[in-house]
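Chemist: okay, predicted coordinates and the sequence, questions at the end:
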Amino acid sequence: MRAALSRGPRLRRAAVAGSFYPGDAGVLSAEVERLLAAARQPAPGAPRPKALVVPHAGYPYSGPIAASAYAQLRAGGPAVERVVLIGPSHFAAHAGLALPDAELFQTPLGTVRVDASAAALAAALPQVSVSAAAHQREHSLEVQLPFLQRVLGAFSLVPLTVGHASPQDVAGVLRALWGGPETLLLCSTDLSHFLSYGEACLLDRRTAAQVLALDADAICRDQACGCTPLAGLLLAARRRGLVPSLLDLRNSGDTAGDPERVVGYGAFALHEPAAARAVPPGPADREGARRRLAEGVHRHRAEVATGLARAAVASLFGGPPPELPAGEAWLEERRACFVSLHRQGDLRGCIGTLEPRGPLFQELVSCARSAATRDPRFDAVTPGELPALTFEVSVLSPVEPVPAADEAQALARLRPGVDGLVVQAGDRSATFIPAVWEQLPEPREFLRHLRRKAGLPDAWVPGTTLQRFTADRYREPGGPGGP
C-alpha cells in the first residue's frame, strides 16, 4: 500500500518529556539554565569545540555532566548552524545508521528542523536508512535537544541512531557531514552500567583515557552503551587530528542515584588543531562545502527517482507497486517531470507533463509507466527488455514565456544546454527537455528539429509561441543522455 501524503511537516513528538526531563516549557528552560550556570564555563578566548561527547540519562542523573559540555558552546566563534547528532538505538534493532522520517523534532521548548539537504546526503550512503521506529521512543538523541535549544537558539539537526554498524560506518557518515565551523558533531553515550561505585570509577577512568588517546579500537560494549557511535567519532577525530579534553567524569552515585548500582557519565570536547583553527574558512572553502553537499543530494535523489521509475515499469509486469519513500519530502511537492527510457544508448520511450497534476511521486510513477507503454514512436516495452533499460528522470521548473516575434529573436534568447523548450503554433505543439541539447547543441538545429517534431514547417510561422523551463536531471549510473 502506498504511503499517504502528509498534510504538513512530519513531526517526531517528544517521547521522554516529563520523565527524563521536565515536560513544562518554563520549568525545563529554568532547569537547563541552572545546570549550565553551575557548569565550568569556557576560558576567555577559548575556541568552540568541533565535537562533543555527552551522556543521555535523565537530567537529575546526567544533566550536570552534560551541561559541562554544552557550556563550551558559549565560547566565541562562528555560529553553529547544524548539529549532527549520533547515539545508540535502544529500542529498535536496525542495520547501520537510521535517519528519521520526520521533518521536525519536538520538545517543550519548540521544534527543531531536520536539515533536509544534509539528511539527503547521509541517506545516499549505503550504511544509512530511514526508520521512524528507530526514533519514535529513542531518548539518547531527544534529551540533548533542550540543551541545544537554549545554547544555540536556531539550528538544524541531522539525527542518526546507530544500530548494527561498525565504527567505520559511523566515521564514514561523519566524514560526509563534517562541514566547517557551522557544523557541530555530537555523540550521545553513557559509560559503565550497573556496577558498584568503585568498580564504575575504575572502568570509566579507563574509558576516559582511551577517549583522550582517540583509541577507537579499545572501547567495548561493557564500557559504553553508545560504544559504536563513540568509536566512530574517535576514528573520524583521529583522521582529522582533533584534540580531545575531559570536561567531567562522574556517575549516578555522585548525582542522584544509589551508589551500589550506578551508571557512568563522561563529557568530552574535541577541538580542531590550532593550525586549522587559525585560518577561518574562506569563500572558496565554503563554496566547496556547499558544492559537495549539493552533489551528494543530487546523487541521492537520482538514485531515488530512477529507482522509483524502474519500479513503476516493473510493476506493469507483476512487480510490487512503488511506494513513497519515507523522509523524501521533495517527492511530495507539486512538480512536473519527464521520464526517459534508453536501451544501449538509444531512446526507448519518453513521456512527461509540463504542468503538475499532483505530487511529484505520482507524476513520476505515471510518466514512467506511460513512457514504457504509450510513447507513439515505439512499441510497448516487454518484460524481457527491462533489465537492459536505463532510466532518466527530469524534474521541471515552472514554464515561462520566451517573447519572440521571429526566429532571430527566439535564437537570441535561447540558453543552450539549460532550457527545455515548448513550441506551439495553432493546434500543433512539441517539447524538448534540456537533455536534447546533447544531441542538438546548435540552437538553430535545436529549434528546427523541435518544429519538425510538432509537424510545423521549417520556416518560422507567424503566431508561433515559445515557452521554456529548466530541469533537475537524474540519471541511473551509466545511463546515456535522453531527449
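Modeler: Sure thing, it's come through. Numbers count the residues shown, from 1 in each chain.
Chemist: looking at this, residue 430 is in a strand?
Modeler: Yes. The assignment for residue 430 (DSSP: H, G, I helix; E, B strand; the rest coil) places it in a strand.
Chemist: what's near enough to touch it?
Modeler: 422, 423, 450, 451, 453, 454, 455 (CB atoms under 8 Å, 6 or more residues apart in numbering). Yep, even glycine has a C-beta here, placed from its N, CA and C like the rest.
Chemist: can you rerun that using 6 Å?
Modeler: Shown in contact with residue 430 (CB atoms under 6 Å, 6 or more residues apart in numbering): 423, 450, 453, 454.
Chemist: dig out what the first one forms beta bridges with.
Modeler: Judged by DSSP bridges, the bridge partners of residue 423 are residue 430, residue 466.
Chemist: isn't it up against residue 452?
Modeler: No. With contact defined as CB atoms under 6 Å, residue 423 and residue 452 do not form a contacting pair (10.1 Å).
Chemist: might you list the low-confidence residue ranges for the protein?
Modeler: 1-8, 275-293, 327, 477-483 (pLDDT under 70).
Chemist: residue contacts, the residue nearest the centre of it?
Modeler: For the chain, the residue sitting closest to the mean C-alpha position, by CA atoms, centre = their mean, is residue 119 at 1.2 Å. Residue 119 is in contact with 99, 158, counting by CB under 6 Å, 6+ apart.
Chemist: the residue nearest to residue 177 when sequence neighbours are not counted: how many residues sit nearby?
Modeler: Of all residues not flanking residue 177 in the chain, residue 84 sits nearest, at 4.8 Å (CB to CB, 6 or more residues apart in numbering). Residues near residue 84, counting by other CB atoms under 10 Å, number 25.
Chemist: how near is residue 84 to residue 121?
Modeler: For residue 84, the distance to residue 121 equals 11 Å [CB to CB, to the nearest Å].
Chemist: go on, residue 29?
Modeler: In terms of CB to CB, residue 29 sits 33 Å off from residue 121.
Chemist: ditto for residue 255
Modeler: In terms of CB to CB, residue 255 sits 38 Å off from residue 121.
Chemist: out of these two, which sits in the more crowded spot?
Modeler: Applying other CB under 10 Å to residue 255 and residue 121 shows that residue 121 carries more neighbours, namely 24 against 19.
Chemist: right, and that one touches residue 296 too?
Modeler: Yes. Distance between residue 121 and residue 296: 3.7 Å, which falls inside the contact criterion (CB under 6 Å).
Chemist: count the neighbours of residue 349 for me.
Modeler: 24.
Chemist: tell me the bridge partners for it.
Modeler: residue 341.
Chemist: check contacts around residue 272.
Modeler: Residue 272 neighbours (CB under 6 Å, 6+ apart): residue 50.
Chemist: and the gap between it and residue 138?
Modeler: From residue 272 over to residue 138 (counting by CB to CB), the distance is 29 Å.
Chemist: go on, residue 310?
Modeler: 33 Å.
Chemist: who has more neighbours out of those two?
Modeler: residue 138 (25 against 21).
Chemist: need phi/psi at the more buried one.
Modeler: Torsion angles at residue 138 (phi, psi; degrees, to the nearest 10) stand at phi -70, psi 120.
Chemist: list the contacts for it?
Modeler: Counted by CB under 6 Å, 6+ apart, residue 138 has contacts residue 161.
Chemist: hmm, back to that, more crowded one of residue 423 and residue 452?
Modeler: residue 423 (22 against 12).
Chemist: which residues does that one contact?
Modeler: By CB under 6 Å, 6+ apart, the neighbours of residue 423 are 430, 450, 454, 466.
Chemist: buried subset of these?
Modeler: Neighbour counting over those (16 or more other CB atoms under 10 Å) leaves 430, 450, 454, 466 as the buried ones.
Chemist: mind listing what's buried along the helix or strand harbouring the second one?
Modeler: In the assignment (DSSP states H and E), residue 450 maps to helix 443-454. Going by neighbour count (16+ other CB under 10 Å), the buried part of helix 443-454 is 443, 446, 447, 448, 449, 450, 451, 453, 454.
Chemist: how about the nearest residue to residue 50, chain neighbours excluded?
Modeler: Residue 50 sits nearest to residue 272 (CB to CB, 6+ apart), 5.1 Å away.
Chemist: quick check: that neighbour vs residue 393, distance?
Modeler: Per CB to CB, residue 272 is found 40 Å from residue 393.
Chemist: ok, residue 269 next?
Modeler: Counting by CB to CB - residue 269 and residue 393 are separated by 44 Å.
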